[in-house]
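S.K.: Provide a 3D model corresponding to the input given below.
(chains A, B, C and D)
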Number of protein chains: 2
Amino acid sequence: MRPDADGNDGSQRAIRDAIRDAIVDRRLMPGTKLTETDVGALFHVSRTLVRGALQALAHEGLVTVERNRGAFVANPSPGEARQIFATRRIIEPGILAEAARHITPAHIRQLRERLLDEGRLMNERGQSARRAEIKASGDFHLHIAAMTGNAVMQRFMDELIARSSLVIALYGQSTVSSCGHTEHMNIVDAIEAGQIDRASRLMVHHIHHIEADLDLRARRTHELRDALLP
Amino acid sequence: MRPDADGNDGSQRAIRDAIRDAIVDRRLMPGTKLTETDVGALFHVSRTLVRGALQALAHEGLVTVERNRGAFVANPSPGEARQIFATRRIIEPGILAEAARHITPAHIRQLRERLLDEGRLMNERGQSARRAEIKASGDFHLHIAAMTGNAVMQRFMDELIARSSLVIALYGQSTVSSCGHTEHMNIVDAIEAGQIDRASRLMVHHIHHIEADLDLRARRTHELRDALLP
DNA sequence: AAATGCCAGATCGTATACAATCGGACGGCA
DNA sequence: TGCCGTCCGATTGTATACGATCTGGCATTT
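M.R.: Numbers count the residues shown, from 1 in each chain, chains lettered A, B, ... in the order given. Predicted coordinates for the structure are as follows:
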């Protein structure tokens, strides 16, 4: 089911995924220049493949490309961040309802296992634990999307979650809100109880809470260029 | 080579847009091979730019790329078509609600003007009129999405509408349903009356009707390759 | 000293070159 | 005749070459 319909073989795909992971994991800071030659040297490939990967990432919104200047790790503005979460609030309740129609007890079990891992991560401290926590939190939403069996939707969600992770890493307060985990649990409970409406409402609130835990007022840019130019 | 009078990075974008329009307008039949050299010759550019454009279109789902075989105009399966419309049914009611919060009388007037054009096209016969009608119908949905002021959402809708147009061109019956136009009018009426819930319901039904007017049972492929391989 | 003009290095945009792969045609063989 | 293996042209995948453009520093001017 995954013979790469994109047609891109390992090389370009591998580069794209590696950079994406690095961005989402925040090992690459927003605004970082992604020089084609340098990236190519790291992966032992030519600029051609790197360019392809960067263009794909630009399409996903994780990288911005400026003509004759190059590619940079995306530095989403607060406005962009709000749009991302607004989009999620529109889409995800619908996804939940659709997923509920296809759900099996096995799926529920899978979700609960995820939640256990999530809970474990929550109790750890440190950078890497926090990163893992952000990732796990996103995976929860992706797993629900996967249950719809709708590949189109799933691709949209992939993009939204990746960009959300970037935004959270950027604007998240150091005091991580621990309510996300319990909210996930509540959502699964509601799904299992067949209370889809309630689950959808919980999901909307949950996304609201994620956004509310960010500090979107102060723009954390020291790059005047993209602070002044739109 | 030529400093493209467009001013911006016109070359690759121009090629991509030209091919996209051709696909959505159905001047390029699904399954048509898009040989890099040939396309490049048409636009007087090298394969490099063509490849970029084709990869971008592949990302949008309008083109499929098979490794070592090349790019083809997408030939969406009935299953894919259903996923596209299912996604629209999930997203568009939410878009409608969001758009309603930003709407002004000027917007309503714009929508009504669109509808007049649509009505005019409906009364004409012939291939090109039908194509224009499909396009106008999609534009209606895109305009509503634009009113949300949410660029993320808008990009998703761009993709969904483009793919929908392709699907309609592929699987649409020759007897075009004329109810789409009146449904659009009813939706605008509901929005103007402030009955957002009703408008959303109408929108869902409308999308259902569009899908119901397709013949998604018989796969119209004579390409055994992609009929047999998943 | 501040501002301006100019040059050089770095980096990108595009074209082209070369290698890898595929698909069809041709011819041998049962 | 029909089938199968082999070869060749066509097309793609990747790398490299070369001109265009930007950036930053240095020298010159006021």
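
S.K.: residues near A:Arg114, how many?
M.R.: 17 (other Cβ atoms under 10 Å in any protein chain shown). From N, CA and C alone the C-beta is placed, and that goes for glycine too.

S.K.: next: A:Ala212.
M.R.: Residues near A:Ala212, counting by other Cβ under 10 Å: 11.

S.K.: need the residues of chain A near DNA strand C, please.
M.R.: Proximity of chain A to DNA strand C, by Cβ under 7 Å from any atom of the strand, involves residues A:33-37, A:47-48, A:51, A:65, A:67-71.

S.K.: quick one: buried ones out of the residues you listed?
M.R.: Among the residues of chain A next to DNA strand C, those classed as buried by 16 or more other Cβ atoms under 10 Å in any protein chain shown are A:Leu34, A:Glu36, A:Arg51, A:Val65, A:Ala71.

S.K.: which ones among these lie within strands?
M.R.: Counting by DSSP state E, the part of these found in strands is A:Leu34, A:Val65, A:Ala71.

S.K.: for the first one, list each beta-bridge partner.
M.R.: Yep, that's A:Leu34 we're talking about. Beta bridges link A:Leu34 to A:Ala71 when assigned by DSSP bridges.

S.K.: all helices for chain A, in order.
M.R.: Applying DSSP state H to chain A gives helices spanning A:10-24, A:36-43, A:47-60, A:78-102, A:105-122, A:127-147, A:151-171, A:179-192, A:196-212, A:224-228.

S.K.: what pLDDT, on average, does the shortest one get?
M.R.: Taken as a whole, helix A:224-228 carries a mean pLDDT of 53.

S.K.: cool, the fourth one as well?
M.R.: For helix A:78-102, mean pLDDT is 97.

S.K.: same question, stretch A:111-125
M.R.: So the average pLDDT for stretch A:111-125 ends up being 87.

S.K.: give me the residues contacting that stretch.
M.R.: A:129, A:132-133, A:136-137, A:139-140, A:143-144, A:178, A:181, A:184-185, A:188 (Cβ atoms under 8 Å, 6 or more residues apart in numbering or on different chains).

S.K.: quick check: buried residues in stretch A:24-33?
M.R.: Buried residues in stretch A:24-33 (16+ other Cβ under 10 Å): A:Val24, A:Asp25, A:Arg26, A:Leu28, A:Pro30, A:Gly31, A:Thr32.

S.K.: need the pLDDT of the last one.
M.R.: The predicted structure scores A:Thr32 at 95 on the pLDDT scale.

S.K.: the buried ones among the residues of chain A next to DNA strand C: which ones sit near DNA strand D?
M.R.: Near DNA strand D, by the rule Cβ under 7 Å from any atom of the strand, you find none of these.

S.K.: of those, which is the nearest to B:Gly94?
M.R.: A:Val65 (29.9 Å; Cβ to Cβ).

S.K.: excluding its backbone neighbours, what's nearest A:Val154?
M.R.: Actually, residue A:154 is Gln rather than Val. Leaving aside its sequence neighbours, A:Gln154 sits nearest to A:Ala145 (Cβ to Cβ, 6 or more residues apart in numbering or on different chains; 5.2 Å).

S.K.: okay, how far is it across stretch A:118-128, tip to tip?
M.R.: 13 Å (Cα to Cα, to the nearest Å).

S.K.: now it, how far from the chain's geometric center?
M.R.: Here stretch A:118-128 is found 18 Å from its chain centre; the criterion is Cα atoms, centre = their mean, to the nearest Å.

S.K.: which parts of that stretch are buried?
M.R.: A:Glu118, A:Leu121, A:Met122.

S.K.: per-residue pLDDT, the nearest residue to the second one once chain neighbours are set aside?
M.R.: So the one you mean is A:Leu121. Spatial nearest neighbour of A:Leu121, excluding adjacent residues (Cβ to Cβ, 6+ apart): A:Glu133 at 4.7 Å. The per-residue pLDDT reported for A:Glu133 equals 83.

S.K.: look up how far A:Ala14 lies from A:Glu133.
M.R.: Computed as Cβ to Cβ, to the nearest Å, the A:Glu133 to A:Ala14 distance reads 26 Å.

S.K.: with A:Arg27 instead?
M.R.: 16 Å.

S.K.: domain ranges for chain A?
M.R.: A:10-73, A:78-212 (automatic domain parsing).

S.K.: gap between the last one and the chain center?
M.R.: Taking Cα atoms, centre = their mean, the mean C-alpha location of domain A:78-212 is offset from the chain mean by 10 Å.

S.K.: the shortest one now?
M.R.: For domain A:10-73, the distance from its own C-alpha centre to the chain's C-alpha centre is 17 Å (Cα atoms, centre = their mean).

S.K.: what about chain A, any weak spots by pLDDT?
M.R.: For chain A, applying pLDDT under 70 flags the ranges A:1-9, A:174-178, A:218-230.

S.K.: now with 80, please.
M.R.: Low-confidence segments of chain A (pLDDT under 80): A:1-10, A:125, A:127, A:130, A:174-179, A:218-230.

S.K.: near DNA strand D, which residues of it?
M.R.: A:Gly7, A:Asp9, A:Ser11, A:Gln12, A:His44, A:Val45, A:Ser46, A:Arg47, A:Thr48, A:Leu49, A:Asn68, A:Arg69.
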